[in-house]
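J.: Next comes the sequence, and after it the predicted model I'd like to discuss.
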Amino acid sequence: MSDTATGPFWWRSIGQRLTILLAGIAAVLAILSWWMVTSFAREAAERTQDNVLVASATTIAEALRSEQGDILLELPYSAFAMLDAIGEDRVFYRVAADGETLTGYDDLMPSGTPDRPGDIRVGTISYRGDLVRTVTVRRTVLANQQPVPVLVTVAQTRTGVEAIGTGLSQTAAVLSVALFILAVGLGAFAAGNALKPLNSFAQAVTRRGPSDLRPLRRKVPDELSPLLVALNRLMERLGQSIRRSEEFIAEAAHRVRTPLATVRVQAELALHTVEKDEEKQMLRRIIRAVDESSRSASQLLDHATVSFRADALARDNIDLADLASRVTDGLAPTADMKDISVRLNVVAPATVQGDAILLESALRNVLDNSVKYSPAETEINVTLAALDKKTWQITVRDQGRGFAADSIPALTERFKRGGNVDQIVGSGLGLTIAEDVLKAHGGRLELSTPNEGIGACVSLILPAA
Amino acid sequence: MCVTDFTCRLILAFWFVAGPAFALELEDQKFYPGTSDTVIKVISTGDLAVFEPFIQQFQSQNPTIGIDYYVTSSAELHTALKNGGVFDLAISSAMDLQFQLANDGAAQPVNSAMTDALPVWARWRNQVFAFTAEPAVAVISRERFAGLERPKTRQELIALLRQSPDVFENTIGTYDVRTSGLGYLFATQEARNSDTFWRLSELMGRRGTELYCCSAQMIDDVASGRLTLAYNVLGSYAAERIARDDRLEILELEDYATVMLRTALIPATAKQTQEATLLLDALLREGLRETPTVWALPPLGAADTPEARAYGPIRLGPALLVYLDKLNRDAFLRAWSDAMVQ
């Protein structure tokens, strides 16, 4: 929905929205029920009054008799006593025979009169400054053998009825408010309960690591399953996209490295043929630049390889001593160029499970870094030892400038380089590759500068097989 | 004291300036000036002798308010207010007529802490308020009753009237219900509650009964020995008289007592409503006391005696209209006359 982000703050949460909507419905129902109870109560009170008035008028009509041609009436006490049953209301009455007032209030004229004997007419009129309810009954009395129609009207103000109506209406209002509050509470509970699967779904997604793109396998309510499917599809596409870009980088690096090697060979041949010092200088610079570029390309390739192979990690038994010596041998020519001696100190065999290519690449990058940042004519010590019974540790220690203490935590991030690199060219990928590899193997990388800022110490720690 | 001394009663022709012109027959009138120009006009059936201490007490608390006090009969009071006479407070012993005034819209509603404090049976629509509960009693002359056993119920009284005709011959007094509103109220209510009323009336008619307009005169005649028995006398007047006259005695009839409520209302025509409410509150305060301090009128609590509880005080409600109805009144008076005036 497009209004989700733009509405007021209490409209942005589904839970609050549901609660508010339910509260609105509850309010409408509460008002409706209050109105219904009120009108029913009023209706009931009015009917009761009507019934009492009818009883009263009928009682009076039944007391009518004739004697020697005169119509006589003795008002029954009960006919009036019953009228204060509802409340303290003013009472009026009129008994008229053939249109002549026999007794009562002369000017009490109901809105309509019944046409046939036994009929009852009920109405409301304004009389003496008050609205009164009137009931008129008709009875025929024989006087001198002649039927004489007699109308008995009993009227009463409606104070009592209104009081009953108002009282019940107030009670109903209190009950409605209580019901409303209860409904809002239950509504909030229901909204919270209905949204629980959504919340736990969201938490499951949040708890995942940054590179965990496996599909979510959960039981979700029917309404959420399209979301789950869509999310899983999205993650799958994202994974493919990442893999594609890694492949692309690897391909690119590989393609750059091959021509670079050719350029280097050609440059070296040229170095041997030229005689002028400036020209030799120039060609050495070219070679160094090519080396740098080739190294960067290798690292990009390594990094892509790590990302790739870490997804489905091989579990071969590897002897770390063997591996370390292979790597140190491989880097020996580079170290020689700077007159750096690499000393290897190993305990064999040190077996771990993992991917040999990745582990080699990790150690190579670390060692390569050391060679790069070490001054000429220094030593690099590579030590393989057991950290404890379950862990192997390869320590690479040089006599270079070490790490700036404040940059250590950031050094393993991609393309991050230390604060004291000066003019040394580098990609910032070496330690990242090393750490990714170690993490994929369940190990870790530790960086430190033990001797007061002289010499870096990098430890590759791996669980033993 | 003026309560008994009806020679002090004056008949005044009183012409109203405000409202439709008609004559009001006054029994008494007195003006109690206050320190300001504010005057409450009170129309009442209560004798000055009874009400004067109350008025003085009220004025000692509210010295600014002057009170113009008119004494008249309940029928006159009713007619005056029905025809739009201007008064600020109407006090009457005829609760049926007071009720009719309120029912017909001649009273206005009053709300105060005192009116709220009244029991529900002592008010109607917050327009009519009762402040006394006064039983009708039988008063006897000790001298003429000497040697006779005091009847405990009306049945025993009837038996006594039968057994000793000579003692009662022409020496029974009661209200003339044709002229006395209070007498009519007592008689109709008693006739409604118990059929012994008609047997008693018939017997009283046979023995020869003097008919009176007012309780005070009946009490006078019993005291003087002219009457042996006065039936349906206002208990409050009798008690007040007996306190200082030992020739009289109230006959304790234990079967039932008819209890009348003396009521007050503020007419719709009232001009000084606020001051009238103050006076009404003072009346109700007296009515709610355990024992009255300014007069001998019994407070509302007096309706709680065993005899009075038999039927309760006369109910303030539409049923009071029944005996005010012209046809009913005619029929009742006919029956009563047949029984009483033989």
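T.: Looks like it arrived, so ask away.

J.: Can you give me the neighbour number for whichever residue of the stretch 51-200 of chain B sits closest to chain A?
T.: For the stretch 51-200 of chain B and chain A, the shortest gap (Cβ to the nearest Cβ) falls at residue B:125, measuring 4.5 Å. In short, each C-beta sits where N, CA and C put it, glycine included. By other Cβ atoms under 10 Å in any protein chain shown, 18 other residues sit near residue B:125.

J.: ok, which stretches of chain A are helices?
T.: For chain A, the helices defined by DSSP state H occupy A:14-62, A:77-81, A:159-207, A:225-273, A:277-311, A:320-337, A:356-373, A:430-440.

J.: Of all those, which one comes closest to chain B?
T.: For chain B, the closest of the helices of chain A is helix A:77-81, at 4.0 Å, according to Cβ to the nearest Cβ.

J.: Surely the residue of the stretch 51-200 of chain B closest to chain A and residue B:99 touch.
T.: No: Residue B:125 lies out of contact with residue B:99 (Cβ atoms under 8 Å); the separation is 9.8 Å.

J.: circling back: any figure for the gap between the residue of the stretch 51-200 of chain B closest to chain A and residue B:97?
T.: In this view, residue B:125 and residue B:97 are 16 Å apart by Cβ to Cβ, to the nearest Å.

J.: do residue A:34 as well
T.: From residue A:34 to residue B:97 the distance is 44 Å (Cβ to Cβ).

J.: close enough to count as contact, residue A:137 and residue A:62?
T.: No: taking Cβ under 8 Å as the definition, residue A:137 is not a contact partner of residue A:62, at 9.4 Å.

J.: Tell me which of the two has more neighbours.
T.: Using other Cβ under 10 Å as the criterion, residue A:137 and residue A:62 rank with residue A:137 on top: 25 against 13.

J.: what residues does chain B put near chain A?
T.: Proximity of chain B to chain A is confined to B:102-105, B:124-125, B:192, B:315, B:317-322, B:325-328, B:331 under the rule Cβ under 8 Å from any Cβ of the partner chain.

J.: which of those are buried?
T.: Neighbour counting by 16 or more other Cβ atoms under 10 Å in any protein chain shown classes B:102-104, B:124-125, B:192, B:315, B:317-322, B:325, B:327-328, B:331 among the residues of chain B next to chain A as buried.

J.: Looking at the residues you listed, which are in helices?
T.: B:102-103, B:192, B:327-328, B:331.

J.: pLDDT score assigned to the closest residue to the residue of the stretch 51-200 of chain B closest to chain A other than its chain neighbours?
T.: Distances taken as Cβ to Cβ, 6 or more residues apart in numbering or on different chains place residue A:88 nearest to residue B:125, at 4.5 Å, with adjacent residues excluded. Residue A:88 carries a pLDDT score of 89 in this model.

J.: ditto for residue B:144
T.: If you check residue B:144, the pLDDT there is 90.

J.: Not counting sequence-adjacent ones, nearest residue to it?
T.: Distances taken as Cβ to Cβ, 6+ apart place residue B:228 nearest to residue B:144, at 4.2 Å, with adjacent residues excluded.

J.: can I assume the residue nearest to residue B:125 is in contact with residue A:160?
T.: Yes: using Cβ under 8 Å, residue A:88 makes contact with residue A:160 at a distance of 6.7 Å.

J.: Let me know how buried the residue nearest to residue A:243 when sequence neighbours are not counted is, in neighbour terms.
T.: What sits nearest to residue A:243 in space, not counting adjacent residues and going by Cβ to Cβ, 6+ apart, is residue A:308, at 7.4 Å. Using other Cβ under 10 Å, residue A:308 has 14 other residues around it.

J.: same check, this time on residue A:282
T.: Applying other Cβ under 10 Å, we find 15 residues neighbouring residue A:282.

J.: What residue spans form the domains of chain A?
T.: Domain ranges of chain A: A:1-207, A:210-312, A:314-465, per automatic domain parsing.

J.: of those domains, which approaches residue B:149 most closely?
T.: Among the domains of chain A, domain A:1-207 comes nearest to residue B:149, with 35.2 Å by Cβ to Cβ.

J.: Tell me the spacing between residue B:221 and residue A:267.
T.: Applying Cβ to Cβ to residue B:221 and residue A:267 gives a distance of 159 Å.
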